[in-house]
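Trainee: okay, structure incoming, though there's no sequence with it:
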């Protein structure tokens, strides 16, 4: 499920520059379309939390996954701006809602297994993101944006079918045996965890949405090469996430987050200052090493936050985080048009340096490992 979601998300990245030529629009309009994507996701995320309170994470995850293969083709087939707007909204809603359900289900599965799987789960998302973005630009270049989207939709359904029956009944229940209803937590610390999630995801979302355009517009890259901006970022994230649980076991969540955020900040800064597309791709890949375990650690900290149901905590923190990943890049488009994307990416490194300074907020992420 994580791989399928990442694959569709990564495949959306090389479609973004195509919007410029399809509809003859400016970067500011593309920024508004990306905002629609973000709004769709942010509407779906708390709705997903409510649905999980009634039906459990497994059923809700299956529901979103059943629609995953339809949304990118809908965007590609839309003949005008009037129809592409609801299609992009639906794409954001399905990807975002499925993401909340996946992460909640992963936390619940961790508790059943008695060991951490969050970093490796996100590793599969990163592999999917790399596969989608790296092949997406080449497919668009050789077959067109519509055929690329149809191929992505078909592959997404194959992936979902393979995982459908393997989802565990990971629903967390109260002592009465009923599912825990969704309600916003009163503990202010969980919202501080959400702010850390926000600061982690703003740079990640910016690489997804604007990395390819930075290579094209600022550094003169072809679309086939530009897709590797997020592709290189995603593959290094995947590699580090598959070993992330071991790193966290050895050094602890706080130290791992602190050092990782510093690495990520330096990488994003280097990407903004790079003089050519190849150095920018290398810098984005270096940033991916640091970004890799930030979000898994934050989500584990949320899911194990004392006094707050996992479904509720993960839904709140994910929604806050993805508001940065999905909405902030639209504002970055406006800034990039006036100041340039090199300035944008150099400035984004500041968020990651702040995350490094706030690392102690994720100390509860070690709870899972203490149970092993």
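Mentor: Cool, got the structure. Just so it is clear, the structure is predicted and the values come from calculations on it, not from any experiment.
Trainee: helix/strand/coil for residue 84?
Mentor: Secondary structure, DSSP: H, G, I helix; E, B strand; the rest coil: residue 84 is helix.
Trainee: quick one, what contacts it?
Mentor: Going by Cβ atoms under 8 Å, 6 or more residues apart in numbering, residue 84 touches 19, 23, 33, 75, 78. Just so you know, the C-beta spots here come from the backbone N, C-alpha and C atoms, and that holds for glycine as well.
Trainee: among these, who's most crowded?
Mentor: Each of the contacts of residue 84 was scored by neighbours using other Cβ atoms under 10 Å; the highest score is residue 75's, at 25 neighbours.
Trainee: I figured that residue was touching residue 89, is that so?
Mentor: No - if you go by Cβ atoms under 8 Å, residue 75 and residue 89 don't touch, sitting 9.9 Å apart.
Trainee: the helices in the stretch 151-300 of the chain, which residues?
Mentor: 188-213, 223-226, 228-242, 244-251, 253-273, 277-291, 294-303 (DSSP state H, counting those that start in this stretch).
Trainee: hmm, who's touching the shortest one?
Mentor: By that I understand helix 223-226. By Cβ under 8 Å, 6+ apart, the surrounding residues in contact with helix 223-226 are 14, 17, 137-138, 140-141, 211-213, 215-216, 277, 281.
Trainee: elements contacting the one helix or strand residue 3 maps to?
Mentor: If you go by DSSP states H and E, residue 3 is part of helix 2-12. Other elements packing on helix 2-12 under the criterion 3 or more Cβ pairs under 8 Å, 6 or more residues apart in numbering; DSSP states H and E are helix 68-77, helix 81-113, helix 118-143, helix 145-164, helix 228-242.
Trainee: make CSV from these and add distance to residue 288 and mean pLDDT to it.
Mentor: CSV is the format used below for those (distance: least, Cβ to Cβ, whole Å; pLDDT from 0 to 100):
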stretch, distance to residue 288, mean pLDDT
helix 68-77, 23, 95
helix 81-113, 18, 90
helix 118-143, 8, 88
helix 145-164, 22, 93
helix 228-242, 4, 85
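Trainee: which one of the ones you listed lies closest to residue 248?
Mentor: The minimum distance between residue 248 and the helices and strands packed on helix 2-12 falls on helix 118-143, with 7.1 Å, by Cβ to Cβ.
Trainee: chain center to that closest one: distance?
Mentor: 12 Å (Cα atoms, centre = their mean, to the nearest Å).
Trainee: now the angle from that helix to helix 244-251?
Mentor: 150 degrees (axes from the mean of the first three to the mean of the last three Cα atoms, to 10 degrees).
Trainee: list the buried residues of helix 118-143.
Mentor: Residues of helix 118-143 classed as buried under the neighbour-count rule (16 or more other Cβ atoms under 10 Å) are 118-140.
Trainee: ok, the contacts of residue 84 vs residue 242, which is closest?
Mentor: Distances from residue 242 to the contacts of residue 84, taken by Cβ to Cβ, are shortest for residue 75, at 30.6 Å.
Trainee: who touches the closest one in this structure?
Mentor: 12, 15, 84, 87, 88, 91, 149.
Trainee: how about the residues you listed in JSON lines, adding distance to residue 305?
Mentor: Below are these laid out as JSON lines (distance: Cβ to Cβ, whole Å):
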{"residue": "12", "distance to residue 305": "31"}
{"residue": "15", "distance to residue 305": "36"}
{"residue": "84", "distance to residue 305": "39"}
{"residue": "87", "distance to residue 305": "36"}
{"residue": "88", "distance to residue 305": "33"}
{"residue": "91", "distance to residue 305": "30"}
{"residue": "149", "distance to residue 305": "39"}
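Trainee: ok, these vs residue 235, which is closest?
Mentor: Out of the contacts of residue 75, the member with the shortest distance to residue 235 (by Cβ to Cβ) is residue 12, at 17.2 Å.
Trainee: mind listing what the closest residue to that closest one other than its chain neighbours touches?
Mentor: Of all residues not flanking residue 12 in the chain, residue 72 sits nearest, at 6.2 Å (Cβ to Cβ, 6 or more residues apart in numbering). For residue 72, the contact set (Cβ under 8 Å, 6+ apart) comprises 8, 11, 12, 15, 91, 149, 152, 153.
Trainee: one more time with 6 Å, if that's ok
Mentor: Contacts for residue 72 were tallied using Cβ atoms under 6 Å, 6 or more residues apart in numbering; they are 8, 149, 152, 153.
Trainee: over to residue 311?
Mentor: Contact analysis of residue 311 by Cβ under 6 Å, 6+ apart lists 52, 104.
Trainee: the helix holding residue 3 vs helix 228-242, what angle?
Mentor: 160 degrees.
Trainee: now the two most distant members of the contacts of residue 84.
Mentor: Going by Cβ to Cβ, the pair spanning the contacts of residue 84 furthest: 23 and 75, at 11.8 Å.
Trainee: what about burial for the contacts of residue 75, which qualify?
Mentor: Buried subset of the contacts of residue 75 (neighbour count, 16+ other Cβ under 10 Å): 12, 15, 84, 87, 88, 91, 149.
Trainee: of the residues you listed, closest to residue 187?
Mentor: residue 91 (33.1 Å).
Trainee: hang on, that closest one packs against residue 73?
Mentor: No - judged on Cβ atoms under 6 Å, residue 91 makes no contact with residue 73 at a distance of 9.9 Å.
Trainee: need the residues touching each of these two.
Mentor: Shared contacts of residue 91 and residue 73 (Cβ under 6 Å, 6+ apart): none.
Trainee: any idea how far the nearest residue to residue 358 once chain neighbours are set aside is from residue 32?
Mentor: In this structure, residue 358 finds its nearest non-sequential neighbour in residue 196, 5.5 Å apart by Cβ to Cβ, 6+ apart. Distance, residue 196 to residue 32, using Cβ to Cβ, to the nearest Å: 28 Å.
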